[in-house]
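[1] Requesting a structural model of the entry that follows:
(one chain, ligands or ions: 2)
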Amino acid sequence: MAVLIVAGLDTGGGAGLKADIETVSALGEHPLPVLTSVTYQNPSEVRGYHTLPPEVVREQIRAVRGSFKIGAVKIGMLGSREIAEAVKQETEGLTRVLDPVMESSTGAKLVDSVESVKVLILGSIVTPNVPEAEALSGLKIRSIEEMKEAAKVIAEELGAEAVVIKGGHLSYTDVLYWKGKLYEFPGERVEGFTHGTGCVFSSALAVFLAKGFELPETVERAKRFVEGSIRFSKAEARAVNPLWELERDAHRWRAKGELEEAVKELMELGEKLNPHVPEVGTNFALATPFSEVFAVKGRIVRYGGTIKPVGPVEFNASDHLRRALLKMREFYPEVRAVLNLRYSEELVEKAKKLGLVVSFYDRREEPEDVKRAEKGTMEWGIESAVKRVGKRPDLIYHLGDWGKEPMVLIFGRSAMEVVERVRALSSR
Ligand SMILES: Nc1ncnc2c1ncn2[C@@H]1O[C@H](COP(=O)(O)OP(=O)(O)O)[C@@H](O)[C@H]1O
Ligand SMILES: Cc1ncc(COP(=O)(O)O)c(N)n1
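    Ligands and ions are numbered 1, 2, ... in the order given. Predicted coordinates for the structure are as follows:
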């Protein structure tokens, strides 16, 4: 199924047409991109925009309307009244999702007037954020109750088929008014970049409508999709990441394979490694670029004179190593893998001889409040060891913690780098 997208181009690659294309593609439908305006912007600032002549917008829609099966249309930045009129005429009869874009999140105007947006409201599913809903309804919105009143007014007075007021500027709860009924979609704040959330939301809505879901279900699905695109946003983009689900799954797949290979290599070191395996067992953890962590279920244990993994490589199979790795990644994001061994003086000396950067933490230095909180020891330990050496540590040891057993953590930028380090450390 194809989804028509009528929107503006964001040169920062965060919002607008590019976010819409990615959203539609990521959700498995075919995007038909129609450009209304070129903006000059980055995630911090819109410097200006240039609207295309309405005829150019009209011709783009005409070129595709007849030759694709269009399940829905998402309409974003319109720019001018003339473009709004042309889009209205050319999209007659399609299921229309209108994101009434008026201002960017950075506060710059993206349309000549509220009236231009109103041109397209009749019969559309409209998705204003709180300030846009205030502009369309003339009401002040400070609560979920007031969101509901405004949604009703926009539907009843302006003739929208349905109204979804988005709560990103209020409490993260979204409200839907449809066929005389009100629905609430509770949400919680997700940490991450939010530039482009509105674009992704309305595109996802259009996709789920095209797939045939009923409106309340589409809102729920679009909201969850936006949450993922915030949670898995990337610092480099400073905007939402509509490709999050595909990327996350690809990274999971690769990390699992990488760790499985490395565990296999590690097993080759069986007899040499056996004396270095602590009572609690060894584990081996690998993080994806999204900081999701895989490890060996049940750990790697001594087995006769050799060693053996108890279970398979799984997501979230080690709490301690996951916490150590994630803390290390806050300082050095290139570090992706870690493995723990029993502490011994020879091992630490050998590491130093091999030129590895060695650090340690000492629980006697742990502040009382961290001790009492219990969960924070690992994080505190890694942080204090990192700060102690002032550069990226390859190996961190402590002399009693985690069931009081002294332990060594060996870090690496890949699972194989850790295996190579373990190989060097355990060779006689
Ligand atoms: N930080 C956040 N955490 C979770 N959900 C958010 C966050 N910011 C926005 N949302 C959600 O993203 C969607 C878009 O909302 P909003 O940001 O208000 O739109 P706009 O980009 O048009 O201002 C809504 O479903 C909203 O609840
Ligand atoms: C081309 C274009 N379309 C839409 C938005 C709104 O997105 P946001 O509210 O996240 O700034 C934008 N900034 N640019």
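[2] Now that Lys152 has come up, it's in contact with Trp178, right?
    No: in terms of CB atoms under 8 Å, Lys152 does not count as a neighbour of Trp178; the distance is 10.6 Å. Every C-beta, even on glycine, is put in place using the N, C-alpha and C of the backbone.
[3] Overlap of the contact sets of these two?
    Jointly contacting Lys152 and Trp178 under the rule CB atoms under 8 Å, 6 or more residues apart in numbering are Val163.
[4] What's opposite the residue nearest to Ala351 when sequence neighbours are not counted in the beta bridge?
    Setting aside the residues directly before and after it, Ala351 is nearest to Leu395 in space (CB to CB, 6 or more residues apart in numbering), at 4.9 Å. Beta bridges link Leu395 to Val358, Ile410, judged by DSSP bridges.
[5] so where's the longest helix in the chain?
    Longest helix of the chain, by residue count under DSSP state H: helix 244-267.
[6] Give me the contacts around that helix.
    By CB under 8 Å, 6+ apart, helix 244-267 touches 26, 225, 228-229, 231-233, 241, 273, 284-290, 292, 294-296, 300, 306-309, 312-313, 315, 337, 339, 414-416, 418-419, 422.
[7] Which positions within it qualify as buried?
    244, 247-248, 251, 255-256, 258-260, 262-263, 265-266 (16 or more other CB atoms under 10 Å).
[8] next one: stretch 231-240
    In terms of neighbour count (16+ other CB under 10 Å), stretch 231-240 has its buried residues at Phe232, Ser233, Lys234, Ala237, Arg238, Ala239, Val240.
[9] what are the phi and psi values for the fifth one?
    Backbone geometry at Arg238, expressed as degrees, to the nearest 10, gives phi 50, psi 40.
[10] Kindly give the local confidence score, pLDDT, for it.
    On pLDDT, Arg238 comes in at 96.
[11] what's the spacing between it and Asn129?
    Distance of Arg238 to Asn129, computed by CB to CB, to the nearest Å: 19 Å.
[12] Is ligand 1 within reach of the strand ranked longest in the chain?
    With secondary structure taken from DSSP state E, the chain has its longest strand at strand 30-42. No: Strand 30-42 lies apart from ligand 1 when judged by CB under 6 Å from any ligand atom; the minimum separation is 14.0 Å.
[13] Show me what whatever helix or strand comes next after that strand is packed against.
    Going down the chain from strand 30-42, the next helix or strand is strand 45-51, by DSSP states H and E. Judged by 3 or more CB pairs under 8 Å, 6 or more residues apart in numbering; DSSP states H and E, strand 45-51 is in contact with strand 30-42.
[14] Partner strands of the strand it packs on, with direction?
    Strand pairing for strand 30-42, using DSSP bridges, gives strand 2-9 (parallel), strand 45-51 (antiparallel).
[15] Determine which of the ones you listed approaches ligand 2 most closely.
    The closest of the strands paired with strand 30-42 to ligand 2 is strand 2-9. By CB to the nearest ligand atom, the value is 3.2 Å.
[16] so for the closest one, what's the average pLDDT?
    For strand 2-9, the mean pLDDT works out to 98.
[17] Now Tyr40. Nearest residue, chain neighbours left out?
    Arg47 (4.2 Å).
[18] and the one you found, how many residues sit next to it?
    10 (other CB atoms under 10 Å).
[19] now swap in the one 10 residues further on and tell me
    Here the count is done by other CB under 10 Å, and Val57 has 25 residues near it.
[20] and it, what helix or strand is that in?
    Using DSSP H and E, Val57 falls within helix 54-65.
[21] before we move on, the earlier item: let's have the buried residues of stretch 231-240 in CSV, adding distance to ligand 2 and secondary structure.
    Converted to CSV, the buried residues of stretch 231-240 look like this (distance: CB to the nearest ligand atom, whole Å; DSSP: H, G, I helix; E, B strand; the rest coil):
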residue, distance to ligand 2, secondary structure
Phe232, 17, coil
Ser233, 12, coil
Lys234, 16, strand
Ala237, 12, coil
Arg238, 11, coil
Ala239, 8, strand
Val240, 8, coil
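[22] Contact residues of the stretch 151-300 of the chain facing ligand 2?
    Residues of the stretch 151-300 of the chain lying close to ligand 2 (CB under 6 Å from any ligand atom) are His195, Gly196, Thr197, Gly198, Cys199.
[23] Return the member of the residues you listed nearest to ligand 1.
    Nearest to ligand 1 out of these is Gly198 (CB to the nearest ligand atom; 2.2 Å).
[24] No further queries at this time; thank you.
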